[in-house]
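*Asks:* Quick one: sequence and predicted model below, then my questions.
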Amino acid sequence: MYINAVFEGGGVKGISLAGAVRAAELNGIRFRHVAGTSSGSVVAALIAAGYSAEELQRLILDMPFSSFLQRAPIFQVKWIGPAARLLFKKGLYSGERLEQWIHACLLKKNIRTFGDLKNNQLRIIASDISNGRLLVLPDDIKQYGIEPNQMLISQAVRMSTSIPYFFDPVIIRYAHHTPRGRSKPFNKQFAYIVDGGMLSNFPLWLFDDERDPKTRRIMPTIGFQMVGKKENQPNRITGLITMLQAMFETMMSAHDQRYIDKQNRFRTIKIPTLGIGTTEFDLTLKESMALYESGLSAGTKFFDEWDYGNYEQMYQAFCTKVIKV
(Lines give C-alpha, C1' and ligand atoms only; values in the text may rest on other atoms or scores of the structure.)
Protein backbone atom coordinates (compact mmCIF):
# COMPACT_ATOMS: atom_id res chain seq x y z
CA MET A 1 0.00 0.00 0.00
CA TYR A 2 1.16 3.54 -0.74
CA ILE A 3 1.16 6.37 1.78
CA ASN A 4 2.55 9.88 2.05
CA ALA A 5 5.04 10.41 4.85
CA VAL A 6 6.19 13.41 6.87
CA PHE A 7 9.43 13.12 8.85
CA GLU A 8 10.03 15.35 11.85
CA GLY A 9 13.33 17.06 12.49
CA GLY A 10 15.49 16.22 15.46
CA GLY A 11 19.20 16.42 14.68
CA VAL A 12 21.07 13.20 15.45
CA LYS A 13 17.84 11.65 16.74
CA GLY A 14 16.90 11.25 13.07
CA ILE A 15 18.65 7.86 13.21
CA SER A 16 15.46 6.55 14.78
CA LEU A 17 13.50 7.50 11.65
CA ALA A 18 15.44 4.90 9.66
CA GLY A 19 14.16 2.17 11.98
CA ALA A 20 10.54 3.30 11.57
CA VAL A 21 10.98 3.34 7.79
CA ARG A 22 12.19 -0.26 7.97
CA ALA A 23 9.06 -1.18 9.95
CA ALA A 24 6.87 0.39 7.25
CA GLU A 25 8.66 -1.53 4.52
CA LEU A 26 8.30 -4.83 6.41
CA ASN A 27 4.54 -4.17 6.59
CA GLY A 28 4.24 -3.71 2.82
CA ILE A 29 4.09 0.08 2.98
CA ARG A 30 5.52 2.13 0.12
CA PHE A 31 5.99 5.89 -0.06
CA ARG A 32 4.35 8.04 -2.74
CA HIS A 33 5.21 11.57 -1.59
CA VAL A 34 7.58 12.39 1.27
CA ALA A 35 8.45 15.52 3.19
CA GLY A 36 10.81 16.39 5.99
CA THR A 37 12.27 19.06 8.21
CA SER A 38 15.88 19.19 9.44
CA SER A 39 17.17 15.61 9.89
CA GLY A 40 13.78 14.46 8.60
CA SER A 41 14.66 16.11 5.29
CA VAL A 42 17.73 13.85 5.03
CA VAL A 43 15.58 10.73 5.40
CA ALA A 44 12.91 12.06 3.03
CA ALA A 45 15.49 12.95 0.35
CA LEU A 46 17.12 9.52 0.48
CA ILE A 47 13.75 7.74 0.26
CA ALA A 48 12.71 9.90 -2.71
CA ALA A 49 16.01 9.04 -4.41
CA GLY A 50 15.17 5.35 -4.20
CA TYR A 51 17.08 4.11 -1.16
CA SER A 52 15.55 1.03 0.46
CA ALA A 53 15.10 0.79 4.23
CA GLU A 54 18.14 -1.47 4.56
CA GLU A 55 20.28 0.90 2.49
CA LEU A 56 18.98 3.78 4.57
CA GLN A 57 19.98 2.00 7.76
CA ARG A 58 23.56 1.55 6.59
CA LEU A 59 23.82 5.17 5.41
CA ILE A 60 22.38 6.68 8.56
CA LEU A 61 24.39 4.51 10.95
CA ASP A 62 27.58 5.25 9.00
CA MET A 63 26.80 8.97 8.75
CA PRO A 64 30.12 10.78 9.42
CA PHE A 65 28.81 13.15 12.09
CA SER A 66 32.30 14.12 13.30
CA SER A 67 33.26 15.38 9.83
CA PHE A 68 30.25 17.72 9.85
CA LEU A 69 31.72 19.51 12.88
CA GLN A 70 35.07 20.54 11.45
CA ARG A 71 36.13 24.17 11.12
CA ALA A 72 39.17 26.10 9.98
CA PRO A 73 42.17 26.11 12.38
CA ILE A 74 41.77 29.84 12.98
CA PHE A 75 38.42 29.14 14.64
CA GLN A 76 39.69 26.26 16.79
CA VAL A 77 41.28 28.44 19.50
CA LYS A 78 39.46 27.69 22.76
CA TRP A 79 36.65 30.16 23.59
CA ILE A 80 37.90 32.83 21.19
CA GLY A 81 37.66 30.68 18.03
CA PRO A 82 34.00 29.59 18.35
CA ALA A 83 32.94 33.08 19.46
CA ALA A 84 34.72 34.65 16.47
CA ARG A 85 33.13 32.20 14.09
CA LEU A 86 29.67 32.95 15.47
CA LEU A 87 30.34 36.64 14.99
CA PHE A 88 31.64 36.45 11.42
CA LYS A 89 29.95 33.34 10.02
CA LYS A 90 26.78 33.20 12.14
CA GLY A 91 27.41 29.54 13.04
CA LEU A 92 29.81 27.27 14.90
CA TYR A 93 30.20 25.01 11.84
CA SER A 94 29.74 25.56 8.12
CA GLY A 95 27.32 22.78 7.14
CA GLU A 96 29.16 22.26 3.84
CA ARG A 97 30.30 18.75 4.76
CA LEU A 98 26.71 17.66 5.33
CA GLU A 99 25.67 19.12 1.97
CA GLN A 100 28.54 17.32 0.23
CA TRP A 101 27.67 14.04 1.93
CA ILE A 102 23.99 14.10 0.96
CA HIS A 103 24.92 15.18 -2.61
CA ALA A 104 27.24 12.17 -2.94
CA CYS A 105 24.55 9.82 -1.61
CA LEU A 106 22.00 11.12 -4.10
CA LEU A 107 24.43 10.89 -7.02
CA LYS A 108 24.74 7.13 -6.38
CA LYS A 109 21.08 6.95 -7.43
CA ASN A 110 21.61 9.39 -10.34
CA ILE A 111 19.67 12.10 -8.55
CA ARG A 112 20.84 15.73 -8.27
CA THR A 113 17.96 18.17 -8.59
CA PHE A 114 14.26 18.15 -7.83
CA GLY A 115 13.73 17.87 -11.58
CA ASP A 116 15.21 14.37 -11.41
CA LEU A 117 12.26 13.26 -9.26
CA LYS A 118 8.55 12.95 -9.98
CA ASN A 119 6.46 16.07 -9.52
CA ASN A 120 5.90 16.84 -5.82
CA GLN A 121 7.62 13.60 -4.83
CA LEU A 122 9.79 15.42 -2.28
CA ARG A 123 9.13 18.53 -0.21
CA ILE A 124 11.57 20.05 2.23
CA ILE A 125 10.83 22.65 4.88
CA ALA A 126 13.15 25.59 5.60
CA SER A 127 12.84 29.00 7.27
CA ASP A 128 13.61 32.38 5.71
CA ILE A 129 14.52 34.44 8.79
CA SER A 130 15.20 37.57 6.74
CA ASN A 131 11.56 37.77 5.71
CA GLY A 132 10.01 35.72 8.52
CA ARG A 133 8.38 33.07 6.35
CA LEU A 134 8.15 29.33 5.97
CA LEU A 135 9.55 27.82 2.77
CA VAL A 136 8.26 24.62 1.19
CA LEU A 137 10.98 23.61 -1.22
CA PRO A 138 11.41 23.40 -4.11
CA ASP A 139 8.30 25.41 -5.06
CA ASP A 140 9.02 28.43 -2.86
CA ILE A 141 12.55 28.89 -4.19
CA LYS A 142 11.06 30.63 -7.23
CA GLN A 143 10.43 33.64 -4.96
CA TYR A 144 14.16 34.27 -5.27
CA GLY A 145 14.24 33.91 -9.05
CA ILE A 146 15.45 30.29 -9.04
CA GLU A 147 13.80 27.56 -11.13
CA PRO A 148 12.42 24.92 -8.70
CA ASN A 149 13.29 21.93 -10.89
CA GLN A 150 16.90 23.11 -11.13
CA MET A 151 17.41 23.39 -7.39
CA LEU A 152 19.91 20.92 -5.93
CA ILE A 153 18.25 18.65 -3.39
CA SER A 154 21.43 18.72 -1.31
CA GLN A 155 21.18 22.50 -1.04
CA ALA A 156 17.57 22.26 0.16
CA VAL A 157 18.60 19.66 2.75
CA ARG A 158 21.40 21.90 3.95
CA MET A 159 18.96 24.79 4.35
CA SER A 160 16.56 22.62 6.33
CA THR A 161 19.30 21.26 8.60
CA SER A 162 21.01 24.58 9.35
CA ILE A 163 20.38 24.64 13.09
CA PRO A 164 20.59 28.32 14.08
CA TYR A 165 24.00 29.27 15.51
CA PHE A 166 25.17 25.66 15.22
CA PHE A 167 25.49 25.58 11.42
CA ASP A 168 25.92 28.60 9.15
CA PRO A 169 22.72 29.92 7.57
CA VAL A 170 22.44 29.50 3.80
CA ILE A 171 22.51 32.91 2.14
CA ILE A 172 20.55 33.40 -1.10
CA ARG A 173 20.77 36.43 -3.33
CA TYR A 174 17.65 37.42 -5.22
CA ALA A 175 18.06 37.06 -8.99
CA HIS A 176 18.37 40.31 -10.95
CA HIS A 177 15.07 39.74 -12.76
CA THR A 178 13.09 39.72 -9.49
CA PRO A 179 11.64 42.99 -8.08
CA ARG A 180 13.83 42.78 -4.99
CA GLY A 181 16.91 41.87 -7.00
CA ARG A 182 16.81 44.99 -9.15
CA SER A 183 15.20 47.60 -6.89
CA LYS A 184 16.79 47.06 -3.48
CA PRO A 185 20.23 48.21 -2.26
CA PHE A 186 22.91 45.54 -2.54
CA ASN A 187 22.89 44.67 1.17
CA LYS A 188 19.14 44.01 1.06
CA GLN A 189 19.26 41.61 -1.88
CA PHE A 190 20.05 38.63 0.35
CA ALA A 191 17.97 36.25 2.43
CA TYR A 192 19.18 34.06 5.29
CA ILE A 193 17.75 30.54 5.31
CA VAL A 194 17.91 28.25 8.34
CA ASP A 195 16.43 25.08 9.83
CA GLY A 196 12.78 24.45 8.95
CA GLY A 197 12.11 23.59 12.59
CA MET A 198 12.13 27.31 13.35
CA LEU A 199 8.61 27.56 11.92
CA SER A 200 7.26 24.04 11.41
CA ASN A 201 9.13 20.99 12.60
CA PHE A 202 6.37 18.51 11.76
CA PRO A 203 4.29 19.73 8.77
CA LEU A 204 1.63 17.02 8.64
CA TRP A 205 -0.66 19.47 6.85
CA LEU A 206 1.42 19.35 3.65
CA PHE A 207 -0.54 16.51 2.06
CA ASP A 208 -4.02 17.17 3.49
CA ASP A 209 -6.83 16.37 1.06
CA GLU A 210 -4.50 14.62 -1.40
CA ARG A 211 -6.15 11.64 -3.09
CA ASP A 212 -5.09 8.36 -4.58
CA PRO A 213 -5.00 9.01 -8.35
CA LYS A 214 -6.59 5.60 -9.08
CA THR A 215 -9.26 5.17 -6.39
CA ARG A 216 -9.86 8.88 -5.59
CA ARG A 217 -9.93 7.95 -1.91
CA ILE A 218 -7.92 9.93 0.63
CA MET A 219 -4.22 9.16 0.39
CA PRO A 220 -3.07 8.37 3.93
CA THR A 221 -0.41 10.62 5.44
CA ILE A 222 1.63 9.14 8.27
CA GLY A 223 3.85 11.29 10.45
CA PHE A 224 7.11 10.03 11.93
CA GLN A 225 7.65 11.98 15.14
CA MET A 226 10.45 11.71 17.69
CA VAL A 227 9.62 12.01 21.38
CA GLY A 228 11.69 11.35 24.47
CA LYS A 229 12.43 11.82 28.13
CA LYS A 230 14.57 14.90 27.48
CA GLU A 231 11.46 16.84 26.49
CA ASN A 232 10.28 16.71 30.13
CA GLN A 233 13.65 17.47 31.72
CA PRO A 234 15.22 20.91 32.21
CA ASN A 235 18.11 21.84 29.95
CA ARG A 236 21.35 22.49 31.81
CA ILE A 237 22.71 25.90 30.77
CA THR A 238 26.33 26.69 31.60
CA GLY A 239 27.27 29.18 28.91
CA LEU A 240 26.48 30.64 25.51
CA ILE A 241 26.67 27.36 23.55
CA THR A 242 24.52 25.36 25.96
CA MET A 243 22.01 28.21 26.04
CA LEU A 244 21.73 28.17 22.25
CA GLN A 245 21.32 24.38 22.31
CA ALA A 246 18.60 24.67 24.94
CA MET A 247 16.78 27.29 22.89
CA PHE A 248 16.79 25.08 19.84
CA GLU A 249 15.77 21.94 21.77
CA THR A 250 12.80 23.89 23.18
CA MET A 251 11.81 25.24 19.78
CA MET A 252 12.03 21.85 18.07
CA SER A 253 9.87 20.10 20.65
CA ALA A 254 7.30 22.89 21.06
CA HIS A 255 6.38 23.70 17.45
CA ASP A 256 3.28 21.89 16.14
CA GLN A 257 2.86 19.98 19.43
CA ARG A 258 -0.68 21.12 20.22
CA TYR A 259 -1.71 20.52 16.64
CA ILE A 260 -0.33 16.98 16.79
CA ASP A 261 -1.74 16.02 20.17
CA LYS A 262 -5.27 17.18 19.50
CA GLN A 263 -5.88 16.16 15.92
CA ASN A 264 -3.28 13.78 14.63
CA ARG A 265 -2.54 11.03 17.11
CA PHE A 266 -4.22 8.52 14.80
CA ARG A 267 -1.69 9.21 12.04
CA THR A 268 1.50 9.79 14.00
CA ILE A 269 4.19 7.27 14.91
CA LYS A 270 5.74 8.42 18.18
CA ILE A 271 9.34 7.23 18.41
CA PRO A 272 11.07 7.33 21.82
CA THR A 273 14.51 8.91 21.49
CA LEU A 274 15.91 7.63 24.79
CA GLY A 275 16.83 11.02 26.22
CA ILE A 276 19.31 11.82 23.43
CA GLY A 277 19.53 15.50 22.46
CA THR A 278 19.33 17.12 19.04
CA THR A 279 22.98 18.18 18.85
CA GLU A 280 24.69 15.21 20.53
CA PHE A 281 26.83 14.48 17.48
CA ASP A 282 29.28 12.27 19.39
CA LEU A 283 26.94 9.26 19.61
CA THR A 284 28.45 5.81 20.06
CA LEU A 285 27.49 2.95 17.75
CA LYS A 286 25.56 1.43 20.65
CA GLU A 287 23.51 4.61 21.08
CA SER A 288 22.90 4.85 17.33
CA MET A 289 21.67 1.24 17.22
CA ALA A 290 19.42 1.86 20.21
CA LEU A 291 17.80 4.78 18.38
CA TYR A 292 17.35 2.68 15.26
CA GLU A 293 15.78 -0.18 17.23
CA SER A 294 13.49 2.29 18.98
CA GLY A 295 12.21 3.48 15.61
CA LEU A 296 11.79 -0.08 14.37
CA SER A 297 9.81 -1.05 17.47
CA ALA A 298 7.55 2.02 17.39
CA GLY A 299 6.91 1.65 13.66
CA THR A 300 6.16 -2.06 13.96
CA LYS A 301 3.61 -1.46 16.72
CA PHE A 302 1.94 1.33 14.75
CA PHE A 303 1.61 -0.55 11.46
CA ASP A 304 0.53 -3.80 13.13
CA GLU A 305 -2.49 -1.94 14.47
CA TRP A 306 -3.06 0.40 11.49
CA ASP A 307 -6.23 0.10 9.38
CA TYR A 308 -7.17 2.23 6.38
CA GLY A 309 -10.90 2.25 7.19
CA ASN A 310 -10.25 3.59 10.66
CA TYR A 311 -7.80 6.14 9.23
CA GLU A 312 -10.42 7.43 6.80
CA GLN A 313 -13.01 7.81 9.57
CA MET A 314 -10.59 9.64 11.84
CA TYR A 315 -9.44 11.87 9.00
CA GLN A 316 -13.02 12.91 8.26
CA ALA A 317 -13.65 13.59 11.93
CA PHE A 318 -10.51 15.57 12.75
CA CYS A 319 -8.82 16.85 9.59
CA THR A 320 -11.56 18.07 7.31
CA LYS A 321 -15.24 18.94 7.42
CA VAL A 322 -16.01 18.23 3.79
CA ILE A 323 -14.56 15.42 1.74
CA LYS A 324 -14.77 16.20 -1.98
CA VAL A 325 -15.07 13.23 -4.32
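*Replies:* Received it, and whenever you're ready, just let me know what you need.
*Asks:* so which helix or strand takes in residue 34?
*Replies:* strand 30-37 (DSSP states H and E).
*Asks:* Now do the buried residues in that strand.
*Replies:* By neighbour count on 16 or more other CB atoms under 10 Å, the buried set for strand 30-37 is 31, 32, 33, 34, 35, 36, 37. Bear in mind the C-beta positions are built from the backbone N, C-alpha and C, glycine included.
*Asks:* Where does the prediction get shaky in the stretch 151-300 of the chain?
*Replies:* The stretch 151-300 of the chain contains residues with pLDDT under 70 at 229-262, 279.
*Asks:* Which stretches in it count as strands?
*Replies:* 165-167, 170-173, 190-195, 221-227, 268-272 (DSSP state E, counting those that start in this stretch).
*Asks:* Kindly reformat these as JSON lines and extend each row with mean neighbour count and distance to residue 63.
*Replies:* Below are the strands of the stretch 151-300 of the chain laid out as JSON lines (neighbours: other CB atoms under 10 Å; distance: least, CB to CB, whole Å):
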{"stretch": "strand 165-167", "mean neighbour count": "23", "distance to residue 63": "15"}
{"stretch": "strand 170-173", "mean neighbour count": "16", "distance to residue 63": "20"}
{"stretch": "strand 190-195", "mean neighbour count": "22", "distance to residue 63": "17"}
{"stretch": "strand 221-227", "mean neighbour count": "26", "distance to residue 63": "16"}
{"stretch": "strand 268-272", "mean neighbour count": "22", "distance to residue 63": "17"}
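*Asks:* Pull the contacting residues for residue 34.
*Replies:* By CB atoms under 8 Å, 6 or more residues apart in numbering, the contact list for residue 34 reads 4, 5, 6, 7, 44, 47, 48, 121, 122, 123.
*Asks:* now residue 139
*Replies:* 123, 148.
*Asks:* what's across from the residue nearest the centre of the chain in the sheet?
*Replies:* The residue lying closest to the centre of the chain (CA atoms, centre = their mean) is residue 37, at 2.1 Å. When bridges are called by DSSP bridges, residue 37 pairs up with residue 125.
*Asks:* can you tell me how far it sits from residue 135?
*Replies:* To residue 135, residue 37 is 11 Å away according to CB to CB, to the nearest Å.
*Asks:* Give me the common contacts of these two.
*Replies:* Common neighbours of residue 37 and residue 135 (criterion: CB under 8 Å, 6+ apart): 125, 196.
*Asks:* Now the element after the strand holding residue 34, going C-ward?
*Replies:* Moving toward the C-terminus from strand 30-37, the next helix or strand (DSSP H and E) is helix 39-48.
*Asks:* packing partners for that next one?
*Replies:* Contact here means 3 or more CB pairs under 8 Å, 6 or more residues apart in numbering; DSSP states H and E; on that basis helix 39-48 packs against strand 2-7, helix 15-26, strand 30-37, helix 53-61, helix 96-107, strand 122-128, helix 153-160.
*Asks:* So in the protein, which helix runs the longest?
*Replies:* helix 285-305 (DSSP state H).
*Asks:* For that helix, give me every contacting residue.
*Replies:* Contact with helix 285-305 is made by 13, 15-24, 26-27, 29, 57, 60-61, 222, 224, 269-274, 276, 283, as judged by CB under 8 Å, 6+ apart.
*Asks:* Could you give me the PyMOL selection string for whichever of these are buried?
*Replies:* Restricted to buried positions by 16+ other CB under 10 Å, the PyMOL selection for the contacts of helix 285-305 reads:
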select buried, resi 13+15+16+17+18+19+20+21+22+23+24+29+57+60+222+224+269+270+271+272+273+276+283
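*Asks:* Residue 206 is in contact with the residue nearest to the centre of the chain, correct?
*Replies:* No - the criterion here is CB atoms under 8 Å, and residue 37 misses it with residue 206 at 10.2 Å.
*Asks:* For the helices and strands packed on helix 39-48, give me CSV that also has distance to residue 309.
*Replies:* Shown next, in CSV, are the helices and strands packed on helix 39-48 (distance: least, CB to CB, whole Å):
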stretch, distance to residue 309
strand 2-7, 15
helix 15-26, 19
strand 30-37, 19
helix 53-61, 26
helix 96-107, 37
strand 122-128, 27
helix 153-160, 34
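*Asks:* And these: which comes nearest residue 191?
*Replies:* When these are compared by CB to CB, strand 122-128 sits nearest residue 191, at 5.3 Å.
*Asks:* Buried residues in whichever helix or strand comes after that closest one, which are they?
*Replies:* Following strand 122-128 in sequence order, the next helix or strand is strand 133-137 (DSSP H and E). Under the neighbour-count criterion of 16+ other CB under 10 Å, strand 133-137 has 135, 136, 137 buried.
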